[in-house]
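[1] next comes the sequence, and after it the predicted model I'd like to discuss.
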Amino acid sequence: MRPVEHCIYGIVLGLVALGTYLTHFSLPEPVTTLQDGNGNPHFSEKQALAYVSTLADSYGYRVVGAREHVASRDWLKQEIARLKSANDADPWRRDLYEIEVLNQKGTGSHRFDMMGKVVMKQYADIENVVVRISSKRNPSSKQNAVLVNAHLDSTLPSPGAADDALGIAIQLELIRIITSRKPKNGTDPLMDNSLILLFNDAEESLQDASHLFANEPHPWASTVRGVVNLEAAGNTGSAVLFQATSNKFLDAYGATPHPYGSVVASDVFSTGLILSDTDFRQFEQYAGLTGLDMAVVGNSYAYHTRLDSTDRIERGSAQHFGDNTLAIVEYLTQPGMDITVGIEKSQDRIFFSVAQKYFANYSKRTAQLIARAVFTLVLGYVGWAGPSWRRLAGAIGCINVAFWSGLIVNNAVAALLTLTGLQMRWFTHEMSCLFLYIPTAMLGWTLPHLYFRPDRKHMHLALLLHYATLSLLPVGSSFILFYTALGVLLGTLADSALLQLILVSVPGMFLGSEAHWSVLEIFVPLTGRLGVDAPAENIMSTIVGLVSFGALAGYPLWVLTLSRPAQNRLMVLLAAFALTSLAVLSQRPVWDADHPRRLFVQHMYNLTDGATSIHFAAADSAPGFEAYVDGITNTFDLGKPTRWIASDDAPEWDTLYPFSQFLQSWKVDAATAKIQPAIELPNVVGRVISRDRTANTATIELTTHHPGLLWTVIAFDADVVAWSLSELPEPGLRRQHIRQAAAFGTDIHTMQLTFKLHQPQQSHLIVDFVGVEELAMHPAKVTDQEALERPSMKFFAHLDTPAVIGDAVDLCSNGVLAGRFPIPL
């Protein structure tokens, strides 16, 4: 190929990548009015963000167990009552729609497996706010319902604007919009199915409120045929569809104006690589429901931090999420829609969006049949082409060796950066790692050509076989490989090297570049909370290598258009580009104010020995944390910190268990030792119910009294035979963790427990207790004058300054009470 043809080829691929980048990050124009020009109601981002601001800015940190959580729930009830009154006061709306409110208050327990650990949950006085909208002209619409769920609460260090005040705001907008629609004719019922809105009271405490709705169950739960869950793990960009478990609801998603999602996201989420979960799990596990799980995921750096504020929600994000949710609801509740069929759990669909305008949705069986037909066609074409089988085998070997060579080179570079303390320098911009790891991967792909020396004809045939074979893989994500195979097949029709390369490369670049934007947008911020032992640099180098190999599907063919000297110069250029990228990245800090390190701090008072200690922790593998903690402790003249080793038996960070297993933590004794907390002290007491000496078991009642505390945890070693909680743990002597959550003002948890004694003369059950002071959550309580009198809050006020912790840190700090309680047997 002539130089100008190489330029044209590069420009075409660059334009394809640029096009996917622009469409990936495009958002609809925000709507500021409540109605369109014809008087029809539509979703208003302005109205939704006003709701978000009330929850996230006025009420702030709505942690279960805090007074702000209850106050925000009271406001929610009032707003729903206002919307209902507006409907009932309008004669034509009152004649068309019925709005019912049936709240649900309850206590319960459930098992929550997470990160390979078993956690038992106890919750008390959780209150779901539940609304049903049905057609008065069609009373049978109440028989079948679509459930839309969002959660009211936020987590410890976050005001929860996107997560999940935005979901609550969308639900409130649905009440207004659905009940303001006018009939198309005099008899049109507008709804054949009802809409149930679950304003979920407690998700961040490990999905207690959704368990309550599904497992108690709520009186309307039996009418629910499927669920649409609204979540957030970021605050910018489009809301992605990342779980779809029924064909009916997937068809509904196809009716959205801004479709965004693919089976790839569903496949990745199902692997457990994303260390997160949603209420969708409870509806699926306990109610057998199917449906859709959607979330805003852009700028995941803000997830569960104080950066999740109203002003940081990107313009258009709420509009995108709201428009799509409204379209789904209208599709599923429209006249003639039967939502009792097609709702069986099924993940037999291939689905993906194109440019956030088009949505492809077809069965995996159809995909497999087409893939087999293409594979058969490819085999026939290869046979017809009359290749040299030796050369074809060499070309196939070249492709496979190149794939692994690229990964090896990338991981070698990643290991070197980790050893030299230069890891994660791409963290502040999701896409910057591409400038380092695409050139190194390309270098790895080029090296095998020097040994195998394939020709263009046999390389083209080898690529055909490679992608046609991979498209037969029984996973949804293989659709990317199928369309890449189609592009390679189309390349057989070209009469020039340039046209052939374009046809071979464009489908892979189109789908692969979109995969780059989507995957990196999630995984780069995730490396900031994967844990101290996570090989973040290797993870990202591997992801880039894998995705880039498909995105640059025509690369092995393009290399063969170069002479051997040109190939050598190419490798030098790739190495130079990678070194230049590394030089630039190495000058950048790992963190900045918009992409901060998560710093966890506990000011702990030990009830058992009266000692006070400070615990500092991070959830990342970036270098320098020990020196960073040393600098802080020197500022306060606290002495030399010691390393805390995470284990199931170490209770210090049990309020975050099992996430605590990912922390690197350092502990230092505080100068203010033996400061008595200005609250009524918690206690764990036991009452022996019986002791069976034949079976060598004891049955006791454990009561935890924790006034003024939230997110309490009790932990003990026992071989549990039976207990009053909903599900038993695995048999055998093991550490039992019971996390407790309750509404503000409820401070007692009780359970019965039968367990085998370690030895016949065992006299006590040792229970470790830990809990967060409701008035010692920083930054949640920085404006509460009573809270500011706490010793812990005084320490946090001095700590939370740029001069001490820097300006690239998001601080989650809490006053914690802990103690060990021997329960007599």
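    Nice, I can see it.
[2] mind listing the strands for the stretch 201-350 of the chain?
    Assigned by DSSP state E, counting those that start in this stretch, the stretch 201-350 of the chain shows strands spanning 224-232, 236-244, 291-298, 349-354.
[3] residue 185 versus the residue sitting furthest away from the middle of the chain, what's the distance?
    In terms of distance from the mean C-alpha position of the chain, residue 386 ranks first, at 50.3 Å (C-alpha atoms, centre = their mean). Residue 386 is 67 Å from residue 185, where distance means C-beta to C-beta, to the nearest Å. C-beta coordinates here come from the backbone N, C-alpha and C atoms, glycine included.
[4] in contact with the residue nearest to residue 188 when sequence neighbours are not counted, which residues?
    Setting aside the residues directly before and after it, residue 188 is nearest to residue 335 in space (C-beta to C-beta, 6 or more residues apart in numbering), at 6.6 Å. Listed by C-beta atoms under 8 Å, 6 or more residues apart in numbering, the contact set of residue 335 reads 188-192.
[5] need those residues in TSV with distance to residue 99, secondary structure and pLDDT, can you?
    Converted to TSV, the contacts of residue 335 look like this (distance: C-beta to C-beta, whole Å; DSSP: H, G, I helix; E, B strand; the rest coil; pLDDT from 0 to 100):
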residue	distance to residue 99	secondary structure	pLDDT
188	19	coil	73
189	16	coil	72
190	14	coil	83
191	12	coil	93
192	17	coil	95
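[6] who wins for neighbours among the residues you listed?
    Compared across those, residue 191 has the highest neighbour count, 28 neighbours, by other C-beta atoms under 10 Å.
[7] quick one, phi/psi of the closest residue to that one other than its chain neighbours?
    With C-beta to C-beta, 6+ apart as the measure, residue 135 is the residue that lies nearest to residue 191, at 4.0 Å, once sequence neighbours are left out. Its backbone dihedrals place residue 135 at phi -90, psi 120, with angles given as degrees, to the nearest 10.
[8] same check, this time on the one 3 residues further on
    Per-residue torsions, residue 138: phi -140, psi 80 (degrees, to the nearest 10).
[9] how much space between it and residue 730?
    Look at residue 138 and residue 730: by C-beta to C-beta, they are 50 Å apart.
[10] quick one: which of these two has more around it?
    Comparing residue 138 with residue 730 by other C-beta under 10 Å, the one with more neighbours is residue 138, at 18 against 8.
[11] show residues contacting stretch 524-542.
    234, 274-275, 299-301, 303, 407, 410-411, 413-415, 417-418, 423-424, 426-427, 430, 433, 437, 440, 523, 595, 597-598, 618-622, 625, 661-664.
[12] quick one: average pLDDT of it?
    Averaged across stretch 524-542, pLDDT comes to 92.
[13] and that stretch, C-alpha only, in PDB?
    What follows is stretch 524-542 as a C-alpha-only set of coordinates in PDB (Å, rounded to 0.1, in the frame of the first residue of the first chain):
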ATOM      1  CA  VAL A 524     -10.700   2.400  35.900                       C
ATOM      2  CA  PRO A 525     -12.600   4.100  38.900                       C
ATOM      3  CA  LEU A 526     -13.200   0.600  40.300                       C
ATOM      4  CA  THR A 527      -9.400   0.100  40.800                       C
ATOM      5  CA  GLY A 528      -9.600   2.800  43.400                       C
ATOM      6  CA  ARG A 529     -11.600   0.500  45.600                       C
ATOM      7  CA  LEU A 530     -10.600  -3.000  44.700                       C
ATOM      8  CA  GLY A 531      -8.400  -3.500  47.700                       C
ATOM      9  CA  VAL A 532      -4.700  -3.300  48.600                       C
ATOM     10  CA  ASP A 533      -3.900  -6.700  47.100                       C
ATOM     11  CA  ALA A 534      -5.600  -6.200  43.800                       C
ATOM     12  CA  PRO A 535      -3.100  -6.000  40.900                       C
ATOM     13  CA  ALA A 536      -4.700  -2.900  39.400                       C
ATOM     14  CA  GLU A 537      -2.100  -2.200  36.800                       C
ATOM     15  CA  ASN A 538      -2.200  -5.800  35.500                       C
ATOM     16  CA  ILE A 539      -6.000  -5.700  35.500                       C
ATOM     17  CA  MET A 540      -6.100  -2.700  33.300                       C
ATOM     18  CA  SER A 541      -3.300  -3.800  31.000                       C
ATOM     19  CA  THR A 542      -5.100  -7.100  30.500                       C
END
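[14] what is the least confident helix or strand in the chain?
    helix 263-270 (a mean of 80; mean pLDDT, DSSP states H and E).
[15] the stretch 601-750 of the chain: strands as residue ranges?
    Along the stretch 601-750 of the chain, the segments classed as strands by DSSP E, counting those that start in this stretch run 612-618, 642-644, 664-669, 683-692, 697-705, 709-723, 734-742, 748-756.
[16] among those, which is nearest residue 784?
    Within the strands of the stretch 601-750 of the chain, the stretch nearest residue 784 is strand 709-723; the backing value is 14.4 Å (C-beta to C-beta).
[17] note down every partner strand of the closest one and its orientation.
    Pairing partners of strand 709-723, with direction, according to DSSP bridges: strand 734-742 (antiparallel), strand 748-756 (antiparallel), strand 764-778 (antiparallel).
[18] angle of the last one against strand 697-705?
    Orientation of strand 764-778 against strand 697-705 (axes from the mean of the first three to the mean of the last three C-alpha atoms, to 10 degrees) gives an angle of 20 degrees.
[19] could you do the first one as well?
    Put simply, strand 734-742 runs at 30 degrees to strand 697-705, going by the same axes, to 10 degrees.
[20] measure stretch 354-365 end to end?
    End-to-end span of stretch 354-365 (C-alpha to C-alpha, to the nearest Å): 21 Å.
[21] for residue 681, give me its contacts.
    Taking C-beta under 8 Å, 6+ apart as the contact definition, residue 681 lies against 607, 817.
[22] same check on residue 456?
    Going by C-beta under 8 Å, 6+ apart, residue 456 touches 497, 557, 560-561.
[23] so how far is residue 505 from it?
    Shown here: residue 456 relative to residue 505, a distance of 14 Å by C-beta to C-beta.
[24] what segments of the stretch 401-550 of the chain are helices?
    Along the stretch 401-550 of the chain, counting by DSSP state H, counting those that start in this stretch, helices occupy 434-452, 456-470, 479-490, 497-526, 536-551.
[25] only the buried residues of the longest one, if you could.
    The neighbour-count criterion (16 or more other C-beta atoms under 10 Å) identifies 497-498, 500-526 as the buried residues of helix 497-526.
[26] so how far is that helix from its chain's centroid?
    Relative to the chain's own centre, helix 497-526 is displaced by 23 Å; criterion: C-alpha atoms, centre = their mean, to the nearest Å.
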